[in-house]
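Everything below, folded, please.
(one chain, ligands or ions: 1)
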Amino acid sequence: MEKVIIDGGVALEGKITVSGMKNAAVAVLFATLLVDDVCVIENLPNISDVRISLEILKSLGARVEVLGESRVSIDCTRVRNEAPPEELAKKMRASYYLLGAYLGRFGHAAIAYPGGCDFGVRPIDQHIKAFKILGATVDTSRKERIETHVPSGKLAGDQIFFDCITVGGTINAIIAAVLAQGTTVIENAAREPHIVDLANFLNFCGASITGAGTDTVKIRGVEKLHGCTYSLVPDMIEAGTFMIAAAATGGRLYIDNVIPEHLEAITAKLTEMGVDVEEFDDAVLVSRKGGLKRANIRTKPYPGFPTDMNPQMATLMCMADGESRLVDTIWDNRFRYVEELKRMGAEVTVDGNTAFIAGGTKFQPARVRAVDLRAGAAMIIAGLAATGRTEIDDFFYVERGYDNVIEKLRGVGANIRKVQYE
Ligand code: EPU
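Sure thing, here's the model as predicted:
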């Protein structure tokens, strides 16, 4: 077993570099299944969700070659028309992109239900609705997997209006529609930067996608895609996590390889709370000298405040000068980390999707658990802020989405290390 030990109470200082975006990486990697050629993907984060995605591609017959740190070449020319291994598909959420990719490439798919973090119910009815509109039949009667196929052999473009804003549904519909006959129009689409990144990658490969980043995405189907070299956008959630780590420790971090525009909702809240954020072309400098002011937040789809920053921001709010309120409008059960934060002295009451955060907490070191990926990031932040030794169990969750986080934090002064135990 492994745990992470933090000897906290040290202000983080220096330069820290953000890696490529997890949620863009997993979409782009599965989208390479549509390409009968070699794709080189750069700025790929070294995280377990990426390693599992590459394992899945390899198991299907893709040639995957690591060209260097954060750079791989993927050739899906000889991918076999067979179901991906269930045990791998079940290990991650984004394996549901295999449905769109298989429908586009082979006209049918049988994929195990995806895994991922537990935030309550995570339906995929909108993905299924999109596939059906494009001409697929979808069978969800089996407990273990979803089966879908296109009776006519090829999906046909049409109008999709999503009932709710869904990142995964938008990505899956784009992936499915790229090689379809005719034009697909997705309305009420999600606008996250990783959707734009996926569309850019596919357009580099010869697809015809316009409007990504707005709520209407238009995809004109093409016959075939060719290979390309593509560099992923920086991870805004990793950047935001480091911004909060700087603020929580009263430090000063120059956070490099970011797109400041993607961070605007986070920057605005931190500024409101009394944190200094200076923007450069591809970096932000975050520092805090004074106290933290209370604030209220509602998580929203992009460009609103991201739900994937909920636990990290709640941790900072615990240290503010009064009661803050955080409403998560995206997931109905994202507050499982609160019990862990309470072990470190936080005073938080959760009612439904709202957390009432008392403020004024001086975090105390404790032994805590990462209950999911971003919850684990929150435990790191609280551990860095608390004077004394914090131990975090189940750190593998954090490694699903944060590239080399221990080394990166050590580089800016954190006393953090991973240890094995029986
Ligand atoms: N929803 C439906 N039906 C659907 C799809 C979604 O009702 O068919 C609902 C969900 O229940 C949720 C809301 O719509 O209430 C948003 O879900 P969305 O589909 O946008 O989420 P997702 O695609 O499953 C991605 C990220 C999550 C992130 C959410 C929201 C990936 C692989 N995952 O999930 O990231 O929280 O968007 O931004 O891209 C993380 O990185 O830690 C993470 C959990």
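
contacts and neighbour counts: CA atoms only from here.
OK.

okay, the host helix or strand of Ala110 in CSV with CA atoms only?
The secondary structure element spanning Ala110 is strand 108-112 (assigned by DSSP states H and E). What follows is strand 108-112 as a C-alpha-only set of coordinates in CSV (Å, rounded to 0.1, in the frame of the first residue of the first chain):
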residue,chain,number,x,y,z
HIS,A,108,-21.3,-0.8,-33.9
ALA,A,109,-19.9,-1.1,-30.4
ALA,A,110,-20.3,-3.2,-27.2
ILE,A,111,-18.6,-1.4,-24.4
ALA,A,112,-18.6,-2.0,-20.6
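
How about the residues of this protein by the ligand?
23, 93-94, 122-127, 164-169, 307-308, 330-331, 373-374 (CA under 6 Å from any ligand atom).

Weed out the non-buried ones from these.
23, 93-94, 126-127, 165-169, 307-308, 330-331, 373-374 (16 or more other CA atoms under 10 Å).

least confident pick among the residues you listed?
In terms of pLDDT, the lowest of these is Arg93, showing 81.

Pro114 is in contact with that one, correct?
Yes. Arg93 lies in contact with Pro114 (CA atoms under 8 Å); the separation is 4.8 Å.

how many other residues sit next to Ala366?
Other residues within reach of Ala366 by the criterion other CA atoms under 10 Å amount to 21.

Need the three-state assignment for the residue lying closest to it once chain neighbours are set aside.
Residue nearest to Ala366 in three dimensions, not counting chain neighbours: Thr390, with 4.9 Å by CA to CA, 6 or more residues apart in numbering. Following DSSP: H, G, I helix; E, B strand; the rest coil, we place Thr390 in the strand state.

Identify the bridge partners of Thr390.
Per DSSP bridges, residues listed as beta-bridge partners of Thr390: Ile6.

any idea how far it lies from Lys342?
Distance from Thr390 to Lys342, counting by CA to CA, to the nearest Å: 13 Å.

Comparing these two, which residue is more hemmed in?
The residue with more neighbours, out of Thr390 and Lys342, is Thr390; 24 against 17, by other CA under 10 Å.

who's in contact with that one?
By CA atoms under 8 Å, 6 or more residues apart in numbering, the contact list for Thr390 reads Ile5, Ile6, Asp7, Gly8, Pro365, Ala366, Arg367, Val368, Gly383.

residues contacting the fifth one?
The neighbourhood of Pro365, defined by CA under 8 Å, 6+ apart, consists of Gly8, Met344, Gly383, Ala386, Thr387, Gly388, Arg389, Thr390, Glu391.

Next, count neighbours for the nearest residue to the fourth one once chain neighbours are set aside.
In space, and not counting its chain neighbours, Ala386 is closest to Phe363: 4.7 Å by CA to CA, 6+ apart. For Phe363, the number of neighbouring residues by other CA under 10 Å comes to 24.

Roughly how far does Phe363 sit from the ligand?
In this structure, Phe363 and the ligand are separated by 24 Å, where distance is defined by CA to the nearest ligand atom, to the nearest Å.

Pretty sure that residue sits against Ala346.
Yes. Under the criterion of CA under 8 Å, Phe363 is in contact with Ala346, at a separation of 6.9 Å.

in the stretch 51-200 of the chain, which spans are strands?
For the stretch 51-200 of the chain, the strands defined by DSSP state E, counting those that start in this stretch occupy 63-68, 71-75, 108-112, 137-139, 145-149, 159-161, 183-187.

What pairs with the longest one, parallel or antiparallel?
Spelled out, that is strand 63-68. Strands flanking strand 63-68 in the sheet, each with its direction: strand 71-75 (antiparallel) (DSSP bridges).

buried stuff in the strand it pairs with?
Using 16+ other CA under 10 Å as the test for burial, strand 71-75 gives Arg71, Val72, Ser73, Ile74, Asp75.

confidence score at the last one?
The score at Asp75 is 98. That number is its pLDDT.

repeat for the second one
For Val72, the pLDDT comes out at 98.

and the nearest residue to it once chain neighbours are set aside, how many neighbours does it have?
Excluding its sequence neighbours, the residue lying closest to Val72 (CA to CA, 6+ apart) is Val66, at 4.4 Å. As a burial measure, the neighbour count of Val66 was computed by other CA under 10 Å and equals 12.

any idea how far the ligand is from Val66?
Taken as CA to the nearest ligand atom, the span from Val66 to the ligand is 22 Å.

Arg14 falls within a strand, correct?
Quick fix: residue 14 is Gly, not Arg. Yes. Applying three-state DSSP, one finds Gly14 inside a strand.

Quick check on the residue lying farthest from the centre of the chain: phi, psi?
When distances to the mean C-alpha position of the chain are computed (CA atoms, centre = their mean), the maximum falls on Ser152, with 34.6 Å. Main-chain dihedrals, Ser152, degrees, to the nearest 10: phi -80, psi -10.
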